[in-house]
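1. Predicted coordinates and the sequence they were generated for:
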Amino acid sequence: MSGKQVCRWAALSLSNIASVFFPDLLGRKDAQFEHQLVAISTTGSKERAQKWLADNKIPSAESIVIYHSWKSLLQEGNFDIVYISTPHPLHYEEVLKALECRRNILVEKPATMNAAQYRKCIELANKQGVVVMEAMWTRYLPATRYFKEELLPRIGEVRRVFSDFSFPIVGPELENSSRFLDKAAGAGALLDQGVYALTWADLALNGLTVEETRVVHASSQSVPGRPGDIDDINTVILTNGKATGIISTSMTIPGSSKPAFYMRLQAKKAAPAVRIEATEASVAIPFPSIRPEELHVQWYGYQHLNEDGTERDEVIRKAVQGWGIWYQADVIAEAVFTNKPGVIDAEESLRVLQWMDDARGMAGITYDTKLETV
Ligand SMILES: NC(=O)C1=CN([C@@H]2O[C@H](COP(=O)(O)OP(=O)(O)OC[C@H]3O[C@@H](n4cnc5c(N)ncnc54)[C@H](OP(=O)(O)O)[C@@H]3O)[C@@H](O)[C@H]2O)C=CC1
Ligand SMILES: O=C1OC[C@@H](O)[C@H](O)[C@H]1O
């Protein structure tokens, strides 16, 4: 035993991302907590659950309680935090039920389909005295923390940020029933990828002081050749009066990505996916900005010269241990075990959800109204 505080997790669904999150988290020696998976729920069979546990080499699989109803998991399960990773349209109902059961919740991004739904979740979380967090895992990585805490205060006033998240996850072989192409499953690049690109814009524009930032433009191109008008190439422009954010997404073109990314083949010399331009320096973040390990800083002006008189550039490297989706688990566990109820980074999540609402309104990106009720 590690002598660390044990944090017992439940998985609400055996999703693709749960197959990334738990192997990255469990047995993590450099984590602050001893994270354990103790219960799972799946719409699949017991055999599917057992295969999932075996395929993902989940420790102590034989003692994990398997539920075939996510409501039973929430009502009866014996755990500290539930990780919700179903398709986005299901998050809201599941979070509400988890709150009714006074559960601590890590819910995948986007936390809900719109800002109004998340406001309701926040209100209930505060009433129930539990901890809720959107699994915007990028915020909790070393390079992101360094950017916000150490670099942003030193680069002068941010004036413009370009933030792209494009990755060709929609290829010719993908079935229309995939969650990336099924509007009933919340398909669309803005909700799926835009949340990352907008998070970097939020870190740049509001990381030091929060300024009233609004969407002034949004346009969208649909996935070509597919039914359902699925948003793909989106362009969103934000402004707070002093700075401008230009955000882009795509699920069909590589953008700054390298298609081998998903084979965990890190994109060497990838093009910048984010570029933050301030008065003293610019900061470029190579793809994948969802998992940054390098900040390329270009300093401006005579006060930032090398000995040879050239302006200073530097690459700040903050390596990620493992895939990195585990860092957020320590953040929510810390709040749970130090009795700090509430919604972590609620305002940040709400700003991004509101910008996506506004951008969707301008660009005509819509979902069945039943996915958007509060
Ligand atoms: N943080 C990150 O890096 C990533 C985050 N995500 C987010 O995670 C969420 C899930 O994405 P992903 O893992 O690709 O999804 P998947 O399609 O892989 O898995 C979704 C799971 O949800 C369950 N599910 C699906 N439909 C229903 C239904 N109608 N009723 C009940 N359960 C259902 C199923 O679980 P079961 O078979 O066990 O019943 C299914 O396996 C999304 O919100 C996405 O934005 C996704 C990828 C990366
Ligand atoms: O959260 C995510 O991260 C990686 C993307 O490729 C994926 O589509 C998205 O859901």
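-> Right, received. Where do you want to start? All values reported here derive from a predicted model rather than from experimental measurement. Ligands and ions are numbered 1, 2, ... in the order given.
2. Check the secondary structure at Met362 for me.
-> The three-state label for Met362, taken from DSSP: H, G, I helix; E, B strand; the rest coil, comes out as helix.
3. ok, now Pro292?
-> From three-state DSSP, the assignment for Pro292 is coil.
4. Begin at 46, not 1, for the rest of this chat.
-> Yes, from this point I'll number from 46; that puts the last item at Pro337.
5. Could you tell me what pLDDT the model assigned to Ser302?
-> What the model reports for Ser302 is a pLDDT of 82.
6. where's it, which helix or strand?
-> Assigned by DSSP states H and E, Ser302 falls within no helix or strand.
7. now Gln162
-> Using DSSP H and E, Gln162 falls in helix 160-173.
8. in that helix, what's buried?
-> Ala160, Ala161, Gln162, Tyr163, Arg164, Lys165, Cys166, Ile167, Leu169, Ala170, Gln173 (16 or more other Cβ atoms under 10 Å). C-beta: built from backbone N, CA, C; applies to glycine.
9. Using CSV, write down the CA coordinates of that helix.
-> Provided in CSV are the C-alpha atoms of helix 160-173 (Å, rounded to 0.1, in the frame of the first residue of the first chain):
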residue,chain,number,x,y,z
ALA,A,160,-24.7,26.8,-20.6
ALA,A,161,-28.2,26.8,-19.1
GLN,A,162,-27.9,23.0,-18.4
TYR,A,163,-24.6,23.5,-16.6
ARG,A,164,-25.9,26.4,-14.6
LYS,A,165,-28.6,24.1,-13.3
CYS,A,166,-25.9,21.5,-12.4
ILE,A,167,-23.9,24.1,-10.6
GLU,A,168,-26.9,25.3,-8.6
LEU,A,169,-27.7,21.7,-7.5
ALA,A,170,-24.1,20.9,-6.8
ASN,A,171,-23.8,23.8,-4.4
LYS,A,172,-27.1,22.8,-2.8
GLN,A,173,-26.1,19.2,-2.4
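10. what packs against that helix?
-> Judged by 3 or more Cβ pairs under 8 Å, 6 or more residues apart in numbering; DSSP states H and E, the packing partners of helix 160-173 are helix 133-145, strand 176-180, strand 387-389, helix 391-408.
11. so of these, which one's packed in deepest?
-> strand 176-180 (a mean of 27; mean count of other Cβ atoms under 10 Å).
12. How far off centre is the helix or strand that that strand is followed by?
-> For strand 176-180, the following helix or strand on the C-terminal side (DSSP H and E) is helix 187-191. Centroid displacement of helix 187-191 relative to its chain, using Cα atoms, centre = their mean, to the nearest Å, is 15 Å.
13. Would you mark the buried spots in helix 187-191?
-> For helix 187-191, burial by neighbour count (16+ other Cβ under 10 Å) applies to Pro187, Ala188, Thr189, Tyr191.
14. and which of the residues you listed is nearest ligand 2?
-> Closest approach between these and ligand 2, by Cβ to the nearest ligand atom: Thr189, at 14.8 Å.
15. looking at it, that closest one is touching Arg336, isn't it?
-> No - at 9.5 Å, Thr189 and Arg336 do not qualify as touching, with contact defined as Cβ atoms under 8 Å.
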